[in-house]
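Novice: prediction below, plus the sequence it came from.
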Amino acid sequence: MSVELTRLPSGLTVVTDTMPHVETAALGVWAGVGGRDERPDEHGISHLLEHMAFKGTARRSAREIVETIEAVGGDLNAGTSTETTAYYARVMKADVPLALDVLADILTDPSFVPDELEREKNVIVQEIGAAQDTPDDVVFEHLNELCYPDQPMGRSLLGTAKTLQRFDRDMLKSYLSTHYRGPDMVVAAAGAVDHARVVADVAERFHSFAKEPAPKPEAAMFGRGGSRVVHRDLEQAHLTLALEGVPQSDASLFSLQVFTNLLGGGMSSRLFQEVREKRGLCYSIYSFHAPYTDTGFFGLYTGTDPADAPEMMEVVVDVINEAVETLTEAEIARAKAQMKAGLLMALESCSSRAEQLARHVLAYGRPQTVEELVTRIDAVSVESTRGAARALLARSRPAVVALGSGRGLDTAVAFAEGLMASKARARLH
């Protein structure tokens, strides 16, 4: 078996998948901390800490960090999400120890030089500005806030210009030591790697992380739904709809994912065919489901002419409700095939495979085998998909947000909120 897992005395997990046919390796450190772990006075600190990891250590300057990796033809990057923060590299097989050394250096001994910190705060302020100029980002920011009111999960990962100004070197060091703990961290590698060598390097370089687990974030509470219209002078109306989904451990997860895919997961999906191909109301429309540790987020997005917004939302709601009751065996089979193809295609990419392994360990405590996942996908049926879809529409009131201009937006969101709620209630009786 190519997948191997070792837990070090600190609680840190090392997981690898050796792929003999490749000459490169993808590896990284995934920490089980993200935006939802932040207190109100820490809003944006997870993302800032990720940025500052590359801005110098006791051994390397910011320039030396990137030059060390790029000198051997590799690349280095990072990302922050709601529940995880990742630092990763892609290198030739001979340079895996070097990449691990750099990753360990930026996480165990960051310098947080004040001048660099102030510059990076300004960089993130520019990032915030860029996001505010991107309608897709703005509408989902409002949707998250509506779905998780007064909670970390409802706040932007970037923070605000005001919250960023509060952060100093001591706060970053404190946040790092509090949330980056051995039991909540995974080093994952895939490609041209040797498990024993990776374990030895990690044991040597990452031994300083505390053995006690990090504090758990507050439980997520999906809001009461409702609607919001954000008026902006835009060419398009951007429409979003959300419902409470299911967490990663829920037995209906794969059935709900199948429903999400057949509804709006590709060009053959019901929404794409009805809204774009048949009616020509939009360029882009899709649905998705994001499972978290203790909650889930079903979302739908589309953009249309403001004058067409009420019709668009009426069609969307009708398609969703009709799909629940009329989904077919052929649609289920097609959605399952897409899921299996995505799973197997990820095995061919070192980067995708390393990320998959890390996320499995953080979510389930171990990597799930391809056979396990395929078996779970194959077990999805018309009945289980219909049950997951009905539960989705009955679980919460919808949250609806529209961004744009024109009087039709208020009509669109009110119509969607009311019709979704009434039809969901009707199914319970």
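Specialist: Alright, I've got the coordinates. The model shown is predicted, which means the values in this text are computed figures rather than measured ones.
Novice: where in this protein is pLDDT low?
Specialist: Counting by pLDDT under 70, the chain contains low-confidence ranges at 1, 417-429.
Novice: could you rerun that using 50?
Specialist: By pLDDT under 50, the low-scoring segments of the chain are 425, 428-429.
Novice: do a quick rundown of the helices in the stretch 151-300 of the chain.
Specialist: Under the criterion DSSP state H, counting those that start in this stretch, the stretch 151-300 of the chain contains helices at 161-166, 169-179, 195-205, 253-264, 270-271.
Novice: domains in this structure, as residue ranges please.
Specialist: Domain ranges of the chain: 3-205, 226-427, per automatic domain parsing.
Novice: those domains into a markdown table, with extra columns for mean neighbour count?
Specialist: (Each C-beta comes from the backbone N, C-alpha and C, glycine too.) Below are the domains of the chain laid out as a markdown table (neighbours: other C-beta atoms under 10 Å):
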| stretch | mean neighbour count |
| --- | --- |
| domain 3-205 | 19 |
| domain 226-427 | 19 |
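Novice: would JSON lines of those with distance to Pro217 be doable?
Specialist: Below are the domains of the chain laid out as JSON lines (distance: least, C-beta to C-beta, whole Å):
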{"stretch": "domain 3-205", "distance to Pro217": "5"}
{"stretch": "domain 226-427", "distance to Pro217": "8"}
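Novice: so which of those is nearest Pro215?
Specialist: Smallest distance to Pro215 across the domains of the chain (C-beta to C-beta): 7.0 Å, for domain 3-205.
Novice: can you tell me the distance between the two ends of that closest one?
Specialist: Taking C-alpha to C-alpha, to the nearest Å, the first and last residues of domain 3-205 lie 22 Å apart.
Novice: same question for stretch 130-141.
Specialist: So stretch 130-141: terminal residues 13 Å apart, C-alpha to C-alpha.
Novice: now it: how far from the chain's centre is it?
Specialist: Centroid displacement of stretch 130-141 relative to its chain, using C-alpha atoms, centre = their mean, to the nearest Å, is 16 Å.
Novice: ok, stretch 113-122 next?
Specialist: The answer for stretch 113-122 is 27 Å, by C-alpha atoms, centre = their mean.
Novice: cool, stretch 12-32 as well?
Specialist: On C-alpha atoms, centre = their mean, the centre of stretch 12-32 falls 20 Å from that of its chain.
Novice: alpha carbons of it, as CSV, please.
Specialist: Coordinates of each C-alpha in stretch 12-32 appear next as CSV, following Å, rounded to 0.1, in the frame of the first residue of the first chain:
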residue,chain,number,x,y,z
LEU,A,12,1.6,15.7,14.7
THR,A,13,0.6,13.3,11.9
VAL,A,14,2.8,12.5,8.9
VAL,A,15,1.0,11.0,6.0
THR,A,16,2.5,10.2,2.6
ASP,A,17,1.5,8.6,-0.7
THR,A,18,4.5,7.4,-2.7
MET,A,19,4.0,7.6,-6.5
PRO,A,20,6.9,5.8,-8.2
HIS,A,21,6.1,7.0,-11.7
VAL,A,22,6.7,10.7,-10.9
GLU,A,23,9.9,12.7,-10.3
THR,A,24,8.4,15.5,-8.3
ALA,A,25,6.8,15.8,-4.9
ALA,A,26,4.1,18.0,-3.3
LEU,A,27,4.3,18.5,0.4
GLY,A,28,2.9,20.8,3.0
VAL,A,29,1.8,21.5,6.5
TRP,A,30,-1.9,21.7,7.2
ALA,A,31,-3.0,23.2,10.5
GLY,A,32,-6.6,22.7,11.8
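Novice: hang on, Phe272 packs against Leu262?
Specialist: No. Between Phe272 and Leu262 there is no contact under C-beta atoms under 8 Å: 10.6 Å.
Novice: returning to what we had before: out of the domains of the chain, flag the one nearest Lys211.
Specialist: For Lys211, the closest of those is domain 3-205, at 5.2 Å, according to C-beta to C-beta.
Novice: from Val229, how far off is Val401?
Specialist: For Val401, the distance to Val229 equals 8 Å [C-beta to C-beta, to the nearest Å].
Novice: which neighbours do those two share?
Specialist: Jointly contacting Val401 and Val229 under the rule C-beta atoms under 8 Å, 6 or more residues apart in numbering are Val413.
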